[in-house]
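# Quick one, what's the 3D model for this:
(one chain, ligands or ions: 2)
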Amino acid sequence: MEPAIKIRNLNHYYGTGLLRKQILFDISVDIHPGEIVINTGPSGSGKTTMLTLACGLRTVQEGSVRTLDTELNGARPAQLVRVRQNIGFIFQAHNLLGALTACQNVQMTLHLDSTISTRESRRRAVELLTLVGLEERIDHYPRQLSGGQKQRVAIARALVRRPKVVLADEPTAALDKASGREVVDILQKLAKGQGCAILLVTHDNRILDVADRILTLEDGHVSSFASGIGSNTEQLSTAFVRMQRKGELARHLHELPDGEFVDMLGTMTEEFEQVLGAMDVAHAQTTNALLDQVLEVTAERISHLLSAERTTLFLVDRRRGELWSKVAQHEGHEPLDIRLPVGVGIAGKVAQSGQLMNLADPYHHPDFNPDTDRRSGFHTRSILAMPVTSRAGLVIGVVQVLNRRGQDSFNSSDEQRLGEFAPSLGIILETCSRVLSAASADAV
Ligand SMILES: Nc1ncnc2c1ncn2[C@@H]1O[C@H](COP(=O)(O)OP(=O)(O)OP(=O)(O)O)[C@@H](O)[C@H]1O
Ligand SMILES: [Mg+2]
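Ligands and ions are numbered 1, 2, ... in the order given. Next up is the predicted model:
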């Protein structure tokens, strides 16, 4: 699915000549239909600037902004108008007209469209005001409404045209905690119902959990995943759950070119470590789910890069003296759960010796254990198995690739490639072990 908003390498400058100052630096972001992205960051970091560029309220100077399939860089005024008509805006100040009732304020937007009769516009305005819980206030004037109620009218107004994109700049800033929460809940419900993309700028940490993704701007740069979620651990777990549910991370990883993947994995694993340092056991479970996604994509990448048919990632459970398959690529729908005592089978030997093994003809090797082949209906022709060590040098896992395509066995450059994954896999598997032992300690 095409993103509703696709921003690439966006730079922006204010002022001219000597006063010219760069405000946004190389921003790239996608926002998909049905997704809520929260844009947060310190005052002056460029949030409003980015928002106004995304909706064509400000001229794009450098880079690409594609909103609703229209390139806004260089767009003609008529194109910009068309794009803006499909966007709902909600600002900190609700901008309601005091001389009009709640209903008339909402209807006003529909009157831009001459095909909609007054009766129809009233019907739709009432429907939206009811959805935001203002059925009792339809014919009230703004001065008769509380701050939260006025903001809800503004939301009804933004959504009544069923926009494909909603841009909201600090919609809860003027509201108390309860009204702020109500407003974002309504926004979320309506947006999900209408499948629209929402970009919501906020300083308000209390609402971060409605986000499918959090984008943090610092001095005009998009800052990293971990520093972005910062120290707000209360919201952290919810944000993680959502990211995991939507497969956001996996999607992102899938899109990366092969070359960037290993680097990305390295960066991300460092960030996982930081995140984990700030987490208790409840959050650990969610992190585990996130790590699973990373490991699955990593297994796929390893297979792809080494032209292998399958990759299995084993974790070593020292306490039980066994290896178990954290990720095992295979054909069936049920996860393939492989357990081996340390020292048994090729992976078990590698776990025991800490030495890499590269076999051209495993069925003739004394340590090869054909049980898994029997269970899964696979036929192993070649194996490359590498130990994964913790930073302290302990073997904590084994990565095993099977069946080099087009060749009898894996060669030395395959060994080298696999070696490139070792440091990242080490950190991820170490994190997994820590999360699992934290969780099992908690269960006792
Ligand atoms: N029209 C303008 N002309 C010159 N500079 C501007 C203009 N608008 C904003 N700026 C500057 O650009 C920077 C980013 O402003 P922007 O309004 O995008 O920040 P913001 O992240 O929305 O901040 P806040 O959280 O306070 O709303 C700030 O340093 C601001 O002073
Ligand atoms: Mg702003």
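# H203 versus whichever residue of the stretch 51-200 of the chain sits closest to ligand 1, what's the distance?
Residue of the stretch 51-200 of the chain nearest ligand 1, by C-beta to the nearest ligand atom: E170 (6.9 Å). For the C-beta atoms, the positions are set from N, CA and C on the backbone; glycine is no exception. Look at E170 and H203: by C-beta to C-beta, to the nearest Å, they are 7 Å apart.
# Tell me which of the two has more neighbours.
E170 (18 against 13; other C-beta atoms under 10 Å).
# Pretty sure V327 sits in a strand.
Yes. Assigned with DSSP: H, G, I helix; E, B strand; the rest coil, V327 falls within a strand.
# I'd assumed E296 was in contact with it.
Yes. Using C-beta atoms under 8 Å, V327 is in contact with E296, at 5.5 Å.
# And these two? Which one has more around it.
V327 (20 against 17).
# Which strand residues bridge the more buried one?
Taking DSSP bridges as the rule, V327 bridges to L313.
# if I pick it, what's in contact with it?
292, 295-296, 298-299, 311-313 (C-beta atoms under 8 Å, 6 or more residues apart in numbering).
# how distant is the lengthiest helix in the chain from the center of its chain?
For the chain, the helix that runs over the most residues, judged by DSSP state H, is helix 412-443. In terms of C-alpha atoms, centre = their mean, to the nearest Å, the centre of helix 412-443 is set 22 Å apart from its chain centre.
# Could you tell me how many residues sit around the spatially closest residue to the residue of the stretch 51-200 of the chain closest to ligand 1 that is not a sequence neighbour?
Spatial nearest neighbour of E170, chain neighbours left out: Q92 (4.0 Å); criterion: C-beta to C-beta, 6 or more residues apart in numbering. Neighbours of Q92 under the rule other C-beta under 10 Å: 18.
# next one: S43
Neighbours around S43, by other C-beta under 10 Å: 7.
# ok, back up a step: and the residue nearest to E170, how far is that from V153?
Taking C-beta to C-beta, one finds Q92 at 14 Å from V153.
# And T130, by the same measure?
12 Å.
# who has more neighbours, the two?
V153 (26 against 13).
# I believe the more buried one is in a helix; please confirm or correct that.
Yes. Counting by three-state DSSP, V153 is located in a helix.
# Which residues in the helix or strand containing L129 does the neighbour count mark as buried?
Take DSSP states H and E as the rule and L129 turns out to sit in helix 118-131. Buried residues in helix 118-131, defined by neighbour count with 16 or more other C-beta atoms under 10 Å: 121-122, 124-126, 128-129, 131.
# tell me the mean pLDDT for the helix or strand containing E260?
Per DSSP H and E: E260 is located in helix 258-277. Predicted confidence along helix 258-277 averages 67 (mean pLDDT).
# ok, back up a step: alpha carbons only: can I get the helix holding L129 in PDB?
Only the C-alpha atoms of helix 118-131 are listed here, as PDB (Å, rounded to 0.1, in the frame of the first residue of the first chain):
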ATOM      1  CA  THR A 118     -27.800  21.900   3.500                       C
ATOM      2  CA  ARG A 119     -30.000  19.100   4.800                       C
ATOM      3  CA  GLU A 120     -27.300  16.500   4.000                       C
ATOM      4  CA  SER A 121     -24.600  18.700   5.600                       C
ATOM      5  CA  ARG A 122     -26.600  19.000   8.700                       C
ATOM      6  CA  ARG A 123     -27.200  15.300   8.900                       C
ATOM      7  CA  ARG A 124     -23.500  14.500   8.600                       C
ATOM      8  CA  ALA A 125     -22.500  17.200  11.100                       C
ATOM      9  CA  VAL A 126     -24.900  15.800  13.600                       C
ATOM     10  CA  GLU A 127     -23.600  12.300  13.000                       C
ATOM     11  CA  LEU A 128     -20.000  13.500  13.600                       C
ATOM     12  CA  LEU A 129     -20.900  15.600  16.700                       C
ATOM     13  CA  THR A 130     -22.700  12.600  18.100                       C
ATOM     14  CA  LEU A 131     -19.600  10.400  17.500                       C
END
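# packing partners for that helix?
Judged by 3 or more C-beta pairs under 8 Å, 6 or more residues apart in numbering; DSSP states H and E, helix 118-131 is in contact with helix 102-110, helix 147-159.
# who touches it?
Against helix 118-131 from outside (C-beta under 8 Å, 6+ apart): 102-104, 106-107, 110-111, 116, 135, 137-138, 152-153, 156, 159-160, 186, 190.
# can whatever helix or strand Y13 lives in be found next to ligand 1?
Using DSSP H and E, the element containing Y13 is strand 5-14. Yes. Interface with ligand 1: strand 5-14 contributes Y14 (C-beta under 6 Å from any ligand atom).
# partners of that strand in the sheet?
Checking strand 5-14 against DSSP bridges gives partners strand 21-31 (antiparallel), strand 62-67 (antiparallel).
# Flag the shaky bits of the chain, pLDDT-wise.
Residues of the chain meeting the criterion pLDDT under 70: 94, 224-253, 266-290, 333, 438-444.
# Run through the residues of it sitting next to ligand 1.
Going by C-beta under 6 Å from any ligand atom, the residues of the chain near ligand 1 are 14-15, 23, 41, 43-49.
# from the residues you listed, which is closest to E322?
G41 (46.6 Å; C-beta to C-beta).
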